[in-house]
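Peer 1: Would you be able to build a 3D model of this:
(2 chains)
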Amino acid sequence: MHPYIEIDLTLAQGGFALAVAVRLGETAAVLGPSGAGKTSLLEAIAGLRRARGRVVVAGEVLQDSAAGIFLPPERRHLGYVPQDGALFPHLSVRKNLDFGRPPRGGPSRRDEGFDALAAALDLAPLLERYPRHLSGGERRRVALARALLARPRLLLLDEPTAGLDPLRARKALAGILKVRETLGAGSGGSGVPLLVVTHDQREALALASEVVLLTAGRVAAVGPAREVLRAPERLGLDGGGRWENVAAARLVRHVPAGGTSEVHLEGGEAVTIPYTPDLEPGARLFLTLDAEDLLLATVPPQGLSARNAVAGRVDELIAAGTSVYVRVGPWLAHLTPAAVAELELRTGTPVWLVAKTHSWRVVAG
Amino acid sequence: MLSALLTGDFGGFGGYGGGMDGLGGLVLFTIAVAAGATALLVPPGLVVAGALSRPGFRLRTLAETLVSLPLVLPPTAVGLALLLLFGRTGPLGRPLWEYFGFEVAFTWKGVVLASAVVAFPLFVRSARSSLEEVDPRLPAVARTLGRGPLRAFLEVELPLAWRGVTAGAVLAFARALGEFGATILVAGNIPGRTQTLALALFQRVQVGRDREALTLAAVSALLATVAVALSELLVRRRDRTLSR
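Peer 2: Below you'll find the model as predicted:
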């Protein structure tokens, strides 16, 4: 497949050098610690920072130093959403949103895209307010909508949930997923292409199908998100590492008396999660399950308080330092070598995946 | 030659030629000149302040030094430089006179020009510091939303910095009100033609009309106080908006 995003940029500023050469599909995440150059990279792609090299998005050459091409930011049609949104403080939410909209003929400001977006992000109550009266989460929603209304070829998101508490972060991620779905349905595509920079692996997995690992200005790894992130050398980070399984799901029903809600995972498996009354049945959500909290059984589990058991087969054993990650389909379970030996786990062994209700966390929804 | 200009009509407040009579005329002329000087300096001042507020601006130190020069040079030195440039035989004055019939030296235009040049750094400093306070990501986002650099400046940076810009303009206006040294060299001290409050005051002292001089001093002080107070008010309000 033809890559949607081609980046080959070098940027030197002060003592810091950034060199990134990647070809990516329509959704990608740049993952790295702070100081790795993530924001600089986004700014260079947007044309806000003069880097040397080449940027091609959707077949359009936005920059090619060798050919003397450098489109200014206003001609790149990229939707840049900086960390806390950077709303214009002197304009109301409505005027912020109008700022990037292509001028329309006639006095009518009716616009189906606008209405759909306003509904998806629940913007109607905010329209007449000023940014200083908005919460962090509201600001980000407005900033996202403002960028999308300019109909960008690519959305550039800088740490979309940094600084938000877990519930707001959840809602912010859900908002991004929802608008991508909403807008995608309208244009017949799979949603708005997106490049997100983040230090949060769950965020990368929820939003993007490809991942670029950036360390000190260099690309450490690039490829399909799950594969890159579960590479043994990465799982072995900090002598043991940490893996959170991320799964898309849809809410089926609430069982308030049981303190649970039922969801269907993307693969069709039914799973119980803690009661989550703020979501309606039918809502899309992303769940995480720590690899530490996923148990494996070689016989059908019985007499356990854990309410989730799904059958599968071991696909891979990933040794990382002194621990082993057992992969069953998309799931990783973190085991000790002793447990692996005792259960005689090897590729192909049929197993049951077991998880407590309260091990599941909603990260977007 | 210059000292001859200091003489002239010494007929008290009623003794002015032209359309201006008495103290009222003097005050009006002074305010008009200061307003004209402010109008003249604000557009180029915004360009310079905008350029200096950009972190990537090259030759920044050189430009900053040049801009601040009129603030620290003796105003008479600035006036002399302007006189040499804009006099009828000067490199700018000659073409202006020959092609446009436009005469700067020893006219009210000279008063406006001299006041504008001397007040310029005050405006630029105030405008620049408030432009620098604008979050640089805001014009950056405006660019990605389809605005060119000029429109991003006019639609985002300027509205956000308007208090400092306005305060700078008021400060420049106040400075222009009291301009003396550069003005007297470029425009002389011609009652009814180029004489402002400050120049009239000097003249009255020279001829020993101390009472009139004191009155002029009091009026100047009043005007300056009002202008500076206005500027302070604007700046203080800006600080409050920032700290919310």
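
Peer 1: and chain B, which of its residues are near chain A?
Peer 2: Selection of chain B residues close to chain A by C-beta under 8 Å from any C-beta of the partner chain yields B:135, B:137-138, B:140-149, B:156, B:159-160, B:244. (Glycine included, C-beta is placed from N, CA and C.)

Peer 1: Just the ones of those residues in helices?
Peer 2: B:137, B:138, B:140, B:141, B:142, B:143, B:144, B:149, B:159, B:160 (DSSP state H).

Peer 1: for the residue nearest to the first one when sequence neighbours are not counted, what are its contacts?
Peer 2: The reference is to residue B:137. Leaving aside its sequence neighbours, residue B:137 sits nearest to residue A:86 (C-beta to C-beta, 6 or more residues apart in numbering or on different chains; 4.4 Å). Taking C-beta atoms under 8 Å, 6 or more residues apart in numbering or on different chains as the criterion, residue A:86 is in contact with A:143, B:135, B:137, B:138, B:140, B:141.

Peer 1: same thing with residue A:233?
Peer 2: Counting by C-beta under 8 Å, 6+ apart, residue A:233 has contacts residue A:320.

Peer 1: and it, helix, strand or coil?
Peer 2: State at residue A:233, reduced to three classes by DSSP: H, G, I helix; E, B strand; the rest coil: helix.

Peer 1: any idea how far residue A:219 is from it?
Peer 2: 15 Å (C-beta to C-beta, to the nearest Å).

Peer 1: thinking again about what came up before, model confidence for the residue nearest to residue B:137, exactly?
Peer 2: Residue-level confidence at residue A:86 comes out at 95, pLDDT.

Peer 1: a strand runs through it, doesn't it?
Peer 2: No. In this structure, residue A:86 is coil, not part of a strand, as judged by three-state DSSP.

Peer 1: mind showing which ranges of the chain have poor pLDDT?
Peer 2: No chain in the question, so chain A it is. A:1, A:103-112, A:184-190, A:236-241 (pLDDT under 70).

Peer 1: Let me rephrase: I mean chain B.
Peer 2: For chain B (pLDDT under 70), the answer is B:1-21, B:57, B:237-244.

Peer 1: For the closest residue to chain A within it, which non-adjacent residue is spatially closest?
Peer 2: Relative to chain A, the nearest point of chain B is residue B:145 (3.4 Å; C-beta to the nearest C-beta). Of all residues not flanking residue B:145 in the chain, residue A:100 sits nearest, at 3.4 Å (C-beta to C-beta, 6+ apart).

Peer 1: Distance of that neighbour relative to residue A:75?
Peer 2: 14 Å.

Peer 1: Looking at those two, which is more packed in?
Peer 2: residue A:100 (21 against 14; other C-beta atoms under 10 Å in any protein chain shown).

Peer 1: Count residues in the vicinity of the residue of the stretch 101-250 of chain A found nearest chain B, would you?
Peer 2: When scored by C-beta to the nearest C-beta, the stretch 101-250 of chain A has residue A:150 as its residue closest to chain B, at 5.3 Å. Residues lying near residue A:150 (other C-beta under 10 Å) number 18.

Peer 1: Quick check: phi and psi at it.
Peer 2: Torsion angles at residue A:150 (phi, psi; degrees, to the nearest 10) stand at phi -80, psi 0.

Peer 1: who's in contact with the residue nearest to it when sequence neighbours are not counted?
Peer 2: Closest residue to residue A:150 apart from its sequence neighbours, by C-beta to C-beta, 6+ apart: residue A:100 at 3.5 Å. By C-beta under 8 Å, 6+ apart, the contact list for residue A:100 reads A:79, A:146, A:147, A:149, A:150, B:144, B:145, B:146.

Peer 1: one more time with 7 Å, if that's ok
Peer 2: Shown in contact with residue A:100 (C-beta atoms under 7 Å, 6 or more residues apart in numbering or on different chains): A:146, A:147, A:149, A:150, B:145, B:146.

Peer 1: Check residue B:74 too.
Peer 2: Here residue B:74 is in contact with residue B:181 (C-beta under 7 Å, 6+ apart).

Peer 1: For ChimeraX, write a command that selects the buried ones of the contacts of residue A:86.
Peer 2: Typed into ChimeraX, the line below selects the buried ones among the contacts of residue A:86, using 16 or more other C-beta atoms under 10 Å in any protein chain shown:
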select /A:143 /B:135,137,138,140,141
